[in-house]
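**Student:** kindly generate the corresponding structure for this input.
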Amino acid sequence: MTVLPPEDDADVPRYWRELGLPGLVDVHVHFLPERVQAKVWEYFEAAGTHYGSDWPVAYALPEDERLAILGRLGVRAFPTLPYPHKPGMAAWLNAWSAGFAASRPQVLQSATFYPEPEAAGYVAAALDGGARVFKVHVQVGSFDPRDPLLDDVWARLEQTGTPVVIHCGSGPLAGCTPDRSRSPACWSGIRGCSW
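**Tutor:** Reported below is the predicted structural model:
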């Protein structure tokens, strides 16, 4: 039997039902603190300036509307996928994400980290507090995932078998190449990061 892909959002539930699925898990959803979310959307509104081409955000809507859309699509679980762009952000992003997940059973508690001396401590605290998936964005954070400040973090995540979503691809930023010739922050050999 051939199952046709969905034509639009309203058609998504038909699609997963015809596939015999009980619903969906959306692994690339970002829910961030309101001010951070607004800054991210603002940045993407000017994507042509930053990247040379438009990159519209399809669901730049209030939190409750985005949650309702995910429900209508049949999304049964999703992470928040926070990520810092500088030191000193990760621990409070993790606390916010834990609070967001606490009252929403469909949210997979997410956390993040940055190469800084405190990283091992707040990653351990996030794991002890129920974090189930981590997100790092080496382009936005402008760091190399091999940074020695992350050695204990990677060891703990490996020990616990906790998945990490690593954004380290070649786009949309120029300078990140598969041959690693320009930017060590785009290195692809660490824990499942691929081109």
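
**Student:** please state the offset of the helix or strand bottoming out on mean pLDDT in the chain from the chain centre?
**Tutor:** Here the helix or strand of the chain ranked lowest by mean pLDDT, DSSP states H and E is helix 47-51, holding a mean of 79. Relative to the chain's own centre, helix 47-51 is displaced by 21 Å; criterion: CA atoms, centre = their mean, to the nearest Å.

**Student:** ramachandran coordinates for the most centrally placed residue in the chain?
**Tutor:** Centre of the chain computed as the mean C-alpha position; nearest residue by CA atoms, centre = their mean is L81, 3.3 Å away. Phi and psi for L81, reported as degrees, to the nearest 10, are phi 50, psi 60.

**Student:** about what we covered before: for whichever helix or strand comes after the least confident helix or strand of the chain, which outside residues touch it?
**Tutor:** Moving toward the C-terminus from helix 47-51, the next helix or strand (DSSP states H and E) is helix 63-73. Helix 63-73 has contacts (CB atoms under 8 Å, 6 or more residues apart in numbering) with 9-10, 12-13, 24, 26, 29, 31, 34, 59, 61, 78, 104, 106. C-beta: built from backbone N, CA, C; applies to glycine.

**Student:** again, only using 7 Å
**Tutor:** 9, 12-13, 24, 26, 31, 59, 78 (CB atoms under 7 Å, 6 or more residues apart in numbering).

**Student:** tell me the contacts of the residue nearest to the centre of the chain?
**Tutor:** For L81, the contacting residues are 29-30, 110, 135, 165, by CB under 7 Å, 6+ apart.

**Student:** let's see it at 10 Å
**Tutor:** By CB atoms under 10 Å, 6 or more residues apart in numbering, L81 lies in contact with 27-32, 97, 108, 110-112, 133-137, 165, 167.

**Student:** return the subset of the contacts of helix 63-73 lying in helices.
**Tutor:** Counting by DSSP state H, these place 12-13 in helices.

**Student:** quick one: the strands in the protein?
**Tutor:** Remark: strands assigned in the chain by DSSP state E are 24-25, 75-79, 107-108, 110-112, 133-137, 164-167.

**Student:** how about CSV for these, with mean neighbour count, mean pLDDT and distance to E158 added?
**Tutor:** Listed next are the strands of the chain as CSV, based on neighbours: other CB atoms under 10 Å; pLDDT from 0 to 100; distance: least, CB to CB, whole Å:
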stretch, mean neighbour count, mean pLDDT, distance to E158
strand 24-25, 16, 96, 23
strand 75-79, 19, 97, 19
strand 107-108, 20, 96, 19
strand 110-112, 29, 97, 15
strand 133-137, 22, 95, 12
strand 164-167, 18, 91, 10
